[in-house]
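# Dropping the sequence and predicted coords here.
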Amino acid sequence: GDSVTQMEGPVTLSEEAFLTINCTYTATGYPSLFWYVQYPGEGLQLLLKATKADDKGSNKGFEATYRKETTSFHLEKGSVQVSDSAVYFCALDQAGTALIFGKGTTLSVSS
Amino acid sequence: DVKVTQSSRYLVKRTGEKVFLECVQDMDHENMFWYRQDPGLGLRLIYFSYDVKMKEKGDIPEGYSVSREKKERFSLILESASTNQTSMYLCASSPSGAGANVLTFGAGSRLTVL
């Protein structure tokens, strides 16, 4: 069945460092891909999405490009801030049902 | 501000108790979902609903049931709570149509079963 695999954390960075969180997927068809973020004590919220191959989603300085040839949707940010500390989830939509999420990657940014 | 509200942030229950987790959304969304979140396992889908009185099993429905009598409310029921149901429970909703795959989540209900 469809699945999402993302890099295990925690990821620990200093402020202003470059961030990459890897995400690969297995799916039949052409799903839409998502990154959700969960800040401490809160529910998940949508960070960005891409609906077709080569689309780039972006928001709050984060970017991810839908790569069909490598079945990947890696999350990047050029310069992280302490306020970016959170858990990041990669997800895909499974037609007719619901989103399938990866296991989550915890990011901790120190000043 | 649009919201998904989960009535209880923290609950402590005993093994064998019947537990109700309530979720209400004010966005007139057709779709509603219950996930559980566990460290190292991420989010796993328990049940979802596309309409009032409709329900579909997710990946881990065993030990759970749901109720959707009104469009805005989706309840998760643990008929006889067990310790392995200690977890964070997340409710979410989405509209039908083009935005169906963009979920709005509640803040979660952390359940401890003793």
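Alright, I've got the coordinates.
# which residues touch the one helix or strand residue B:66 maps to?
Using DSSP states H and E, residue B:66 maps to strand B:65-70. For strand B:65-70, contacts defined as C-beta atoms under 8 Å, 6 or more residues apart in numbering or on different chains pick out B:32, B:34, B:46-47, B:49, B:51-55, B:74-77, B:79. In short, each C-beta sits where N, CA and C put it, glycine included.
# switch the cut-off to 6 Å
With C-beta atoms under 6 Å, 6 or more residues apart in numbering or on different chains as the test, strand B:65-70 has contacts from B:47, B:49, B:52, B:55, B:74-77.
# Which of the residues in the next helix or strand after it are classified as buried?
Using DSSP H and E, the next helix or strand after strand B:65-70 towards the C-terminus is strand B:73-78. For strand B:73-78, the neighbour count (16 or more other C-beta atoms under 10 Å in any protein chain shown) marks B:74-76, B:78 as buried.
# Report how many residues lie close to residue 42.
Reading this off chain A. Here the count is done by other C-beta atoms under 10 Å in any protein chain shown, and residue A:42 has 13 residues near it.
# please go with chain B instead
Residue B:42 has 21 neighbours, counted by other C-beta under 10 Å.
# now residue 19, nearest residue through space, not along the chain?
No chain was given, so I picked chain A. Spatially, and ignoring its direct neighbours in sequence, residue A:19 is nearest to residue A:77 (4.4 Å; C-beta to C-beta, 6 or more residues apart in numbering or on different chains).
# that's the wrong chain, I wanted chain B
Using C-beta to C-beta, 6+ apart, the closest residue to residue B:19 is residue B:78 (4.1 Å).
# and what of residue A:14?
residue A:110 (5.9 Å).
# What pairs with the helix or strand containing residue B:20, parallel or antiparallel?
According to DSSP H and E, residue B:20 maps onto strand B:19-21. Partners of strand B:19-21 in the sheet, by DSSP bridges, are strand B:73-78 (antiparallel).
# I appreciate the help and will end here.
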